[in-house]
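In: A predicted structure for the sequence below; I have some questions about it.
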Amino acid sequence: MEIIVPIRQVPDVALNIRVNEGKVVEDGVSFVISSWDETAIEGALQMTEELGGEVTLLGIGPERVSEALRKGLAMGAHKAIHVLYEEGQTDSFGYAKIMAKVMEGRNYDLILTGKQAQDTDAGLTASMLAEFLDLPQVTNIIRFSDLAVDGMTLYRKGDHGTEVIGIKLPAVVTVNDSLNEPRLASMRGIMMAKKKPMETLSPSDLGMGAEELGLQGSMTEVLKFEKPESRKEGERFEGDETETVPMAIQKLVSEAKLAV
Amino acid sequence: MNDLSNQTEDFSDIRDAVRSLCQGYPGEYWREKDRKREYPTEFVQALTDSGFLAVLIPEIYGGSELGIQEAAAILEEIHKSGCNGAACHAQMYIMGTLLRHGSEEQKQKYLPGIASGELRLQAFGVTEPGSGTDTTSIRTFAKREGDEYVVNGQKVWTSRAEHSDLMLLLARTTPKDEVTKRTDGLSVFLVDLRKSLNHGVTIRPISTMINHATTEVFIDDLRIPAEQRIGEEGKGFRYILDGMNAERILIGAECIGDSRWFIQKASEYAKDRTVFQRPIGQNQGIQFPIAKAYAQSEAADLMVRKAASLFDSGKPCGKEANMAKLLAADASWEAADVCLQTHGGFGFAEEYDIERKFRETRLYRIAPVSTNLILSYLAEHVLGLPRSF
């Protein structure tokens, strides 16, 4: 089974993100693989471990994206494709179009990726890619079974339960992070990753001109980025509860205008 | 000028992987281990399974054949993540004596097991109750009897002996008054603790201010096959010296990791904690000490990197390894103090992990070599001043 896993590199949300003039300050920020995409890599590895075949990672963006691809290779993916360019501002439509170009002429049974990117939370790219490639798609899967090279059963998490869906391949499938617990890269994996093939392409290699890239190739534009306002520190009432509870209620009524 | 072209290598792939592993061992895990004085078996096993403790072992024996720089990156990242590598860092470097001075037969017998973690070689019996930094005055004696040595003596502050299958042992094989140079007449042995425990070796844990699994080791008529001696008889002291450089660099890297953890904690708290309607970090009395600790830590990191680079290129690095350990241990202690001061009373609460890390990082101004001994070394051997002891 040949699986392509598009991944996105995002700022590490565990660290403090700084914003200046509406843009995330990249200096000093560490970047990681978007967590849902890491789940997709693990899912793809499990599928190929069962059926054979290879996992190919696809990343789009500047040089630093190669670090994310190497990490995926260290987890066990077999090879990677890096579309190397400073993408500037690109929306889901723009990314999906580049991915569709990369897929042209390639052999794959499945495109497996995260249900959304951790930084934008848009969740649109995979659906647009499926449309460009005219492939069936299933989103937000939490389990798979009956694995075969021409199809499988997918369990899709919905608002009120789980849909059990049969799908024929090739297809585009997105994963929920409850699908699995991604494996950690081992020292051996890291060493092997250095020797695995990474194909580097430029947009011009894909036959794409400036009008199809960045903001020109996008259908939407992010005008501004605002950090959420930090919450005010809470007030602590210390002492005997017969005194502190009435004090807290009094505050809730007088300041938070809570109706009692 | 020394070639330090590789000094800026950051090993981000290794750091990322270590950081991901450490996320599975948050403060709660370490607090519980600390409270119960338990060995962090799960954490050590995870590091072993991922191959991080075998980076210095050549590939032909099952390791990754990387350098001290990569090993330093691993240990720094462990400490920067709030974890503690002291429970197992010696598994990385004690085997260096075996690797550099052991016979091919010994290497083939032990190194693959050490690389896989099946064999734990993370105890080094050097220090004795009557000889701390004065290593050549050790009294543990190994007397040759046919194909065996009969060993008697006592070691103290032998860390992780209870969690080791093998122990590297330094013993006198020629009395000190019979050698020309006091560094002669010492030999190194590989003791199989699985066979020796309660058959010549008795281990007693020492309760300390940190969870460090340290012990005292009593050796009574322990019989060691002569084939367990590493290298030539009487040359043990020089065999352990290059291992000490590796140890100092790696401990220095742990201190840098601690520093970064403390400085990040202090900075975050100083930004978030509001007193008198403004963050406390707005006060120079708070921000200047944090900034100074940061600068000291970054400077110490440069020395750690320089020493590691020299070590990996096979160049003499005794001076740099000692200075790296000295500066990094001072930097982490300064950062620890600043972090605690910034947090005020909250720093004493266990749930913040600061008091635990504060206790843990204090060790490194004393072990594995005291700050004073490093200063003596620099004064005498680098600056040419008269020996002070």
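Out: Arrived safely.
In: show me what from chain B comes close to chain A.
Out: If contact is defined as CB under 8 Å from any CB of the partner chain, the residues of chain B in contact with chain A are B:12-14, B:16-17, B:20-21, B:46, B:49-52, B:54-55, B:64, B:268, B:274. C-betas here are computed from N, CA, C, even on glycine.
In: can you list phi and psi of residue A:54 for me?
Out: When read as degrees, to the nearest 10, the backbone of residue A:54 gives phi -130, psi 150.
In: quick one: it and residue A:4 touch, right?
Out: No: Residue A:54 sits out of contact with residue A:4 when judged by CB atoms under 8 Å, with a separation of 9.6 Å.
In: mind giving me the PyMOL select for the residues of chain B next to chain A, buried ones only?
Out: Selection of buried members from the residues of chain B next to chain A for PyMOL, criterion 16 or more other CB atoms under 10 Å in any protein chain shown:
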select buried, chain B and resi 12+13+14+16+17+20+21+46+50+51+52+54+55+64
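In: restricted to helices, list the residues of chain B next to chain A.
Out: B:12-14, B:16-17, B:20-21, B:46, B:49, B:268 (DSSP state H).
In: for those residues, which one is nearest chain A?
Out: Set against chain A, the nearest of these by CB to the nearest CB is residue B:17 (4.2 Å).
In: who's in contact with the closest one?
Out: Contacts for residue B:17 were tallied using CB atoms under 8 Å, 6 or more residues apart in numbering or on different chains; they are A:71, A:74, A:184-187, A:189-190, B:50, B:52.
In: element containing the nearest residue to residue B:327 once chain neighbours are set aside?
Out: Using CB to CB, 6 or more residues apart in numbering or on different chains and skipping the chain neighbours, the partner closest in space to residue B:327 is residue B:300 (3.9 Å). In this structure, residue B:300 sits in helix B:284-312 according to DSSP states H and E.
In: in that helix, which residues are buried?
Out: B:286-287, B:289-290, B:293-294, B:296-297, B:300-301, B:303-312.
In: where in the stretch 151-260 of chain A is pLDDT low?
Out: A:233, A:260 (pLDDT under 70).
In: how about the residue of it found nearest chain B, phi and psi?
Out: The stretch 151-260 of chain A approaches chain B most closely through residue A:187 (3.2 Å), counting by CB to the nearest CB. For residue A:187, the backbone dihedrals (degrees, to the nearest 10) come out as phi -60, psi -40.
In: okay, now it: neighbour count?
Out: 24 (other CB atoms under 10 Å in any protein chain shown).
In: for residue A:39, same thing?
Out: Residue neighbour count, defined by other CB under 10 Å, stands at 25 for residue A:39.
In: residue of the stretch 251-389 of chain B with the smallest distance to chain A?
Out: residue B:274 (5.5 Å).
In: so in terms of bridging, what pairs with that residue?
Out: When assigned by DSSP bridges, residue B:274 has beta-bridge partners residue B:279.
In: wait, the residue nearest to residue B:327 sits on residue B:252?
Out: Yes: the pair residue B:300 and residue B:252 qualifies as a contact (CB under 8 Å) at a distance of 7.2 Å.
In: overlap in contacts, these two.
Out: B:324, B:327-328.
In: hmm, residue A:19 is touching residue A:224, no?
Out: No: counting by CB under 8 Å, residue A:224 is not a contact partner of residue A:19; they are 9.7 Å apart.
In: between those two, who's got more neighbours?
Out: When neighbours are counted by other CB under 10 Å, residue A:19 comes out ahead of the other of residue A:19 and residue A:224, with 12 against 8.
In: tell me the phi and psi of the nearest residue to residue A:36 once chain neighbours are set aside?
Out: Closest residue to residue A:36 apart from its sequence neighbours, by CB to CB, 6+ apart: residue A:114 at 2.6 Å. Main-chain dihedrals, residue A:114, degrees, to the nearest 10: phi -70, psi 150.
In: who touches residue A:114 in this structure?
Out: A:7-8, A:34-40, A:174-175, A:177.
In: please save the CA atoms from stretch A:155-173 in PDB.
Out: In PDB, the C-alpha atoms belonging to stretch A:155-173 read as follows (Å, rounded to 0.1, in the frame of the first residue of the first chain):
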ATOM      1  CA  TYR A 155     -14.900   4.800  11.700                       C
ATOM      2  CA  ARG A 156     -15.800   8.500  11.600                       C
ATOM      3  CA  LYS A 157     -16.400  10.500  14.700                       C
ATOM      4  CA  GLY A 158     -19.600  12.500  14.400                       C
ATOM      5  CA  ASP A 159     -21.400  14.800  16.900                       C
ATOM      6  CA  HIS A 160     -23.800  12.100  18.000                       C
ATOM      7  CA  GLY A 161     -21.900   8.900  17.500                       C
ATOM      8  CA  THR A 162     -19.600   7.000  15.100                       C
ATOM      9  CA  GLU A 163     -20.300   6.500  11.400                       C
ATOM     10  CA  VAL A 164     -18.900   3.200  10.000                       C
ATOM     11  CA  ILE A 165     -18.000   3.900   6.400                       C
ATOM     12  CA  GLY A 166     -16.700   1.600   3.700                       C
ATOM     13  CA  ILE A 167     -14.400   3.300   1.200                       C
ATOM     14  CA  LYS A 168     -12.700   2.300  -2.000                       C
ATOM     15  CA  LEU A 169      -9.200   3.400  -2.600                       C
ATOM     16  CA  PRO A 170      -7.600   5.700  -3.800                       C
ATOM     17  CA  ALA A 171      -9.100   8.200  -1.400                       C
ATOM     18  CA  VAL A 172      -8.300  11.100   0.900                       C
ATOM     19  CA  VAL A 173      -8.800  10.400   4.600                       C
END
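In: may I see the buried residues of it?
Out: A:155-157, A:167, A:169-173.
In: ok, residues contacting that stretch?
Out: Under the criterion CB under 8 Å, 6+ apart, residues A:108-113, A:126-127, A:129-130, A:133, A:135-145, A:149-154, A:176, A:178 lie in contact with stretch A:155-173.
In: repeat that with 7 Å
Out: A:108-112, A:126, A:129-130, A:135-143, A:150-154, A:176 (CB atoms under 7 Å, 6 or more residues apart in numbering or on different chains).
In: and residue A:41, what does it touch?
Out: Counting by CB under 7 Å, 6+ apart, residue A:41 touches A:5, A:7, A:72, A:75, A:77, A:182.
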